[in-house]
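Enquirer: Here is a sequence with its predicted model. Questions after.
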Amino acid sequence: MIALAHPAKPAARPVPRIGAMLSGAIRAVALVAATISAVIIIVTAWHVAGSAISWADVQAFVAPTSLETRGHSVEQLVEGVR
């Protein structure tokens with residue numbers, strides 16, 4: 001066997017295999033698909049919630065009860081805080 005004066009150095013970076021490259025591509029496609037799906041779900045939920053619930057319903061739900069206001073309107077209470 002012939003010995004080389006300078007042994008060959010290993011490659012600085014291993015050559016990627018086709019399986020690894022395909023795996024990375026599949027991951028990238030899956031990430032894009034998941035992002036698009038999430039956006040579609042969020043937009044759909046926003047649209048359904050927006051058409052089903054009016055702003056007046058939200059205000060009525062969040063507004064304090066008459067016991068908390070003691071006969072005053074919400075506007076009067078807000079003015080009193082300012």
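Expert: Everything's here; your move. Nothing here was measured: the structure is a model prediction, and the numbers come from that model. Residues are numbered from 1 along each chain as shown.
Enquirer: Give the burial count for residue 51, as a bare number.
Expert: 8 (other C-beta atoms under 10 Å). In this view, the C-beta of every residue, glycine as well, is placed from N, C-alpha and C.
Enquirer: And the helices in the protein?
Expert: With DSSP state H, the ranges of helices along the chain come out as 18-52, 55-62, 66-69, 74-81.
Enquirer: mean pLDDT for those: which is lowest?
Expert: When the helices of the chain are ranked by mean pLDDT, helix 66-69 comes last with a mean of 56.
Enquirer: For burial, what's the neighbour tally of residue 45?
Expert: Neighbour count of residue 45, defined by other C-beta under 10 Å: 10.
Enquirer: State the distance from it to residue 53.
Expert: Separation of residue 45 from residue 53 (C-beta to C-beta, to the nearest Å) stands at 12 Å.
Enquirer: Ok, residue 39 next?
Expert: Applying C-beta to C-beta to residue 39 and residue 53 gives a distance of 21 Å.
Enquirer: Equivalent analysis for residue 17, please.
Expert: Distance, residue 17 to residue 53, by C-beta to C-beta: 53 Å.
Enquirer: Could you do residue 35 as well?
Expert: Distance from residue 35 to residue 53, by C-beta to C-beta: 27 Å.
Enquirer: Next: residue 47.
Expert: In this view, residue 47 and residue 53 are 12 Å apart by C-beta to C-beta.
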